[in-house]
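Participant: missing the sequence, but the structure's below:
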């Protein structure tokens, strides 16, 4: 089983996924991550994956070859669903057993189409699957946070070519979420306004970093982009929770998401990228604890973060936590606005 | 000029190096980063770099072709030495002009030898250059921190093949240093012991994560390694400041550093890596401010961090701040201990 280990000097948790047990030779670079093996995400290979958790298909039995979107448990999970949460001290360190969930959303049966290539109706199916899995996983009180992300391309960490995203539920609030939630709470408690709403309003006024505006969504290059061509996609109206989007809203989001991905694909020659869906954590009320998330629906604002992997995180970034970005977000927004798609 | 921009939601600074002004096409992957152009770091090409700042050579004029180690300003610096520090607000953001220093340490005149391949006497020269540059840069009161790092291999961010390391001085204390310094200070104020000394003692007792012990240095895999085969090299006796090492200590360190690099090279087939030298920041006393670093010499402990780049930082890591490591540090230490060199 995996372990979460605490670093008492860097103050962060690390997941030691010992189940994966990789030895020195396992890290040699494979030029074709798909190789000659049959792809487990294609039609007809449903028995090569663990049984599905969720699917969108016109009719028929689970695990039959007629799905449009399919969600399965990761065969090599970073964290496992089985077991009880427990933590203990070890010398000056702390360790917790690796409880969580690790799911894979197969976005299309077509081996060679990327998420950007799908029709917006097909992307709506993918977003519907995301919503269904969020709503289900958040019923498990062991999970404090869920992160949904996509790795596109080998250099962005994808190990299988067939288009997919991943959802990981973790038993601790991660530092990235914790910082954002605290900032949003402090801003709201001082000003009774959402910090993200303030930011969206400011950026729409300025205009130089806006890539595309829709009726209910907006795509922009962040002022302090940590890497070239980074983007954020926000709902323009305040909304703390992606999982509360209705079908019509998901359909609109699909159009905005496709637009964002097509611009990146066109301008950056199908560059590798990661995207992350940031949304409010489950609001479990824990016995004997004050309700820590009571104002979450007012102060947090869900959004999608997209980071093309054009530069390497190197010694400077790792050693300082500062990022060097050689393309200004104003230039990036202009290139992306002018994309001929 | 570069700008440091503040992200009010992620709470971090980003360096927008607009001088580098990279456009979409500039990011296309070059398979051979060295290409057909003449290497500016080789003998005879001294005029292809800015004039040297420091060098170790038997005799002769600066910028002549008989050096053993040569330090030059980076031709495309992330931060520039010229100008005064100033910061201002911009809407809800903050921005500071990009003052700093960015130097390159050319470790050998030989185009094809890596740092691991150098004799320990040659590595001593490299460490001597590091020390000299630290001592000089810290006289500039605008610089709050210096980070010395090495990117080895394209996948670790190296853009030139010829072996070199870099030293960047920054006008703000970076978050990675800030966390470590605060942790060390708190531990010392509570216990009157250095947290790093405690950690070294504990690890030497446990033994499972020790890779190699010398009289005055020790190499180990950290308990909460965030990536496979990560290492730390510590001086066993308390010392907060690398730049205070004397010549004999640098010569011993060179032996330990060569040992660490050779093990990584042997076991991981010359894998790309980053190393970072973490040492105490300059202890400038600022007028009208309390002396914030007064106990630094007791509570901080300099060390070298080495991170092989075997896995990709992907959506999960970026979106949460948690790291997934598929190789336990106990396994990594064993492979490295048993390396046949």
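Facilitator: Structure received. If you're wondering where the values come from, they're calculated on a predicted model, not measured in any experiment.
Participant: Point me to the residue of the stretch 151-300 of chain A nearest chain B.
Facilitator: Closest contact between the stretch 151-300 of chain A and chain B, by C-beta to the nearest C-beta, is at residue A:157 (2.7 Å). Where you see a C-beta, it was placed from the backbone N, CA and C, and this is true even at glycine.
Participant: Grab the nearest non-local neighbour of that residue.
Facilitator: The shortest distance from residue A:157 to any non-neighbouring residue, by C-beta to C-beta, 6 or more residues apart in numbering or on different chains, is to residue B:314 (2.7 Å).
Participant: Neighbours of the one you found, how many?
Facilitator: Per other C-beta atoms under 10 Å in any protein chain shown, the neighbour tally for residue B:314 reads 23.
Participant: Return the per-residue confidence for it.
Facilitator: On the pLDDT scale, residue B:314 is placed at 91.
Participant: Roughly how far does it sit from residue B:126?
Facilitator: Counting by C-beta to C-beta, to the nearest Å, the gap between residue B:314 and residue B:126 amounts to 33 Å.
Participant: same check, this time on residue A:304
Facilitator: Per C-beta to C-beta, residue A:304 is found 45 Å from residue B:126.
Participant: Provide the count of other residues in contact range of residue A:213.
Facilitator: Other residues near residue A:213 come to 14 when the count uses other C-beta under 10 Å.
Participant: helix/strand/coil for residue A:151?
Facilitator: Of the three states, residue A:151 takes strand according to DSSP: H, G, I helix; E, B strand; the rest coil.
Participant: Just grab the bridge partners of it for me.
Facilitator: Note on residue A:151: beta-bridge partners by DSSP bridges are residue A:274.
Participant: My read is that it contacts residue B:317, right?
Facilitator: No - in this structure residue A:151 lies outside contact range of residue B:317 using C-beta atoms under 8 Å: 10.2 Å.
Participant: coming back round to it: contact partners for the residue nearest to residue A:157?
Facilitator: A:149, A:151, A:156-158, A:274 (C-beta atoms under 8 Å, 6 or more residues apart in numbering or on different chains).
Participant: buried ones in stretch A:120-130?
Facilitator: Buried residues in stretch A:120-130, counting neighbours by 16 or more other C-beta atoms under 10 Å in any protein chain shown, are found at A:122-130.
Participant: cool, and stretch A:183-195?
Facilitator: Of the residues in stretch A:183-195, A:183-185, A:187-188, A:194-195 count as buried by neighbour count, 16+ other C-beta under 10 Å.
Participant: can you put those in TSV and add secondary structure?
Facilitator: Converted to TSV, those look like this (three-state DSSP):
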residue	secondary structure
A:183	helix
A:184	helix
A:185	helix
A:187	helix
A:188	helix
A:194	coil
A:195	helix
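Participant: Intersect these with the contacts of chain B.
Facilitator: A:183-184, A:195 (C-beta under 8 Å from any C-beta of the partner chain).
Participant: Name the residues of the stretch 1-150 of chain A found near chain B, please.
Facilitator: Near chain B, when you scan the stretch 1-150 of chain A using C-beta under 8 Å from any C-beta, you find A:5-18, A:20-24, A:27-28, A:78, A:90-93, A:145, A:147, A:149-150.
Participant: check whether the worst-scoring helix or strand of chain A on mean pLDDT contacts chain B.
Facilitator: Lowest mean confidence among the helices and strands of chain A (mean pLDDT, DSSP states H and E): helix A:296-299, at a mean of 83. No - Helix A:296-299 lies apart from chain B when judged by C-beta under 8 Å from any C-beta; the minimum separation is 11.7 Å.
Participant: now for the helix or strand just after that helix, which elements pack on it?
Facilitator: For helix A:296-299, the following helix or strand on the C-terminal side (DSSP states H and E) is strand A:303-308. Identification of packing neighbours for strand A:303-308 by 3 or more C-beta pairs under 8 Å, 6 or more residues apart in numbering or on different chains; DSSP states H and E yields strand A:231-235, helix A:247-267, strand A:273-278, helix B:315-320.
Participant: Check the offset of strand A:303-308 from the chain's centre.
Facilitator: Between the centre of strand A:303-308 and the centre of its chain there are 8 Å (C-alpha atoms, centre = their mean, to the nearest Å).
Participant: now swap in stretch A:314-327 and tell me
Facilitator: How far stretch A:314-327 lies from its chain's middle: 22 Å, per C-alpha atoms, centre = their mean.
Participant: quick one: terminal-to-terminal distance for that stretch?
Facilitator: Terminal residues of stretch A:314-327 lie 17 Å apart, using C-alpha to C-alpha, to the nearest Å.
Participant: Go through it and flag the buried ones.
Facilitator: Neighbour-count burial for stretch A:314-327 flags A:314-320, A:322-327 (criterion: 16+ other C-beta under 10 Å).
Participant: The residue located most distally from the centre of chain A: what's it in contact with?
Facilitator: Distance from the centre of chain A peaks at residue A:91, with 34.4 Å (C-alpha atoms, centre = their mean). Residue A:91 makes contacts with B:202, B:206, as judged by C-beta under 8 Å, 6+ apart.
Participant: one more time with 6 Å
Facilitator: Listed by C-beta atoms under 6 Å, 6 or more residues apart in numbering or on different chains, the contact set of residue A:91 reads residue B:202.
Participant: do residue A:267 as well
Facilitator: Neighbouring residues of residue A:267 by C-beta under 6 Å, 6+ apart: A:335-336, A:339, B:24.
Participant: Residue A:335 sits in which helix or strand?
Facilitator: Taking DSSP H and E as the criterion, residue A:335 maps to helix A:329-337.
Participant: And for residue A:180?
Facilitator: Taking DSSP H and E as the definition, one finds residue A:180 inside helix A:175-191.
Participant: same check, this time on residue A:240
Facilitator: Residue A:240 belongs to no helix or strand when assigned by DSSP H and E.
Participant: before we move on, back to that, just curious, which of the contacts of residue A:267 is nearest to residue B:85?
Facilitator: Nearest to residue B:85, judged by C-beta to C-beta, of the contacts of residue A:267 is residue A:335 at 31.3 Å.
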